[in-house]
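J.: Compute the structure for the input listed below.
(one chain, ligands or ions: 1)
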Amino acid sequence: MEVVEKDKKQIRQAHCEQELKEFIDSVKDMEHGDSYLIAVLHKAQGLYGYLSREVMDTIAQQMQIPTAHIWGVATFYHYFNLTPPGKYVVSVCLGTACYVKGAPQILDAVRNELKIDLGGVTEDRLFSLQLARCLGACGIAPVVMIGDKIHGEMTPQKVVDVINQYRKADSAHSTGLASSPRATKK
Ligand code: FES
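T.: Alright, predicted model coming up:
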């Protein structure tokens, strides 16, 4: 069983490497190819979930840019994660519809509850926190996405309740009593 998981991981890894390489090949021959660095970093983060030192080295080699430059760009923009994300990525939408309906207060509530800031990961590695710009669910703003589930019409109290549901579900899962929180108002 463990071997199957390991194989799957290796296949996934090889697939990510290939996809990133093809993406870089498609942009590096363009005029001013190095100006596509941000697009490449986005692609890498989408594939791996974060930008590890190894991934930055690979990009540096393929794009023939110093790793230090890539590091500088990746640390300048808060939407790039340099550490592995938590099991559940909490994305608080700060798009216009959500913003006017109280998203900043939702963000504060999440920060206080998880005791992390943007780009951070909780000590138990269960949650990480990031911002989103419109999750396409403005009708139920303000919206928070946790993992791949949208939770709408959030209030500071409701978002804390939802986070606690994830905690409970996760500890039930680890004790064999699995039940995953349902998306709300989707
Ligand atoms: S602005 Fe938040 S979902 Fe559209």
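J.: what's the weakest-modelled helix or strand in the protein?
T.: The helix or strand of the chain with the poorest confidence is helix 2-28; it has a mean of 82 (mean pLDDT, DSSP states H and E).
J.: I'd like the next helix or strand past that helix.
T.: Sequence-wise, the next helix or strand downstream of helix 2-28 (DSSP states H and E) is helix 37-48.
J.: Check which residues of whichever helix or strand comes after that following helix are buried.
T.: Next helix or strand after helix 37-48 toward the C-terminus (DSSP H and E): helix 53-63. Neighbour counts using 16 or more other CB atoms under 10 Å place 55-56, 58-60, 63 of helix 53-63 among the buried residues. (Glycine included, C-beta is placed from N, CA and C.)
J.: Same check on stretch 28-44?
T.: Applying 16+ other CB under 10 Å to stretch 28-44 flags 33, 36-37, 40-41, 43-44 as buried.
J.: tell me the pLDDT at the residue of the chain most remote from its centre?
T.: What lies farthest from the middle of the chain is residue 31; by CA atoms, centre = their mean that is 30.3 Å. Residue 31 is assigned a predicted lDDT (pLDDT) of 73.
J.: tell me which parts of the protein are close to the ligand?
T.: 93, 95-98, 134-138, 141, 143 (CB under 6 Å from any ligand atom).
J.: Secondary structure, neighbour count and pLDDT added to those residues, as CSV?
T.: Shown next, in CSV, are those (DSSP: H, G, I helix; E, B strand; the rest coil; neighbours: other CB atoms under 10 Å; pLDDT from 0 to 100):
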residue, secondary structure, neighbour count, pLDDT
93, strand, 28, 96
95, coil, 19, 95
96, helix, 13, 96
97, helix, 17, 97
98, helix, 27, 97
134, coil, 14, 92
135, coil, 19, 93
136, coil, 10, 94
137, coil, 21, 96
138, helix, 16, 96
141, coil, 22, 97
143, coil, 29, 97
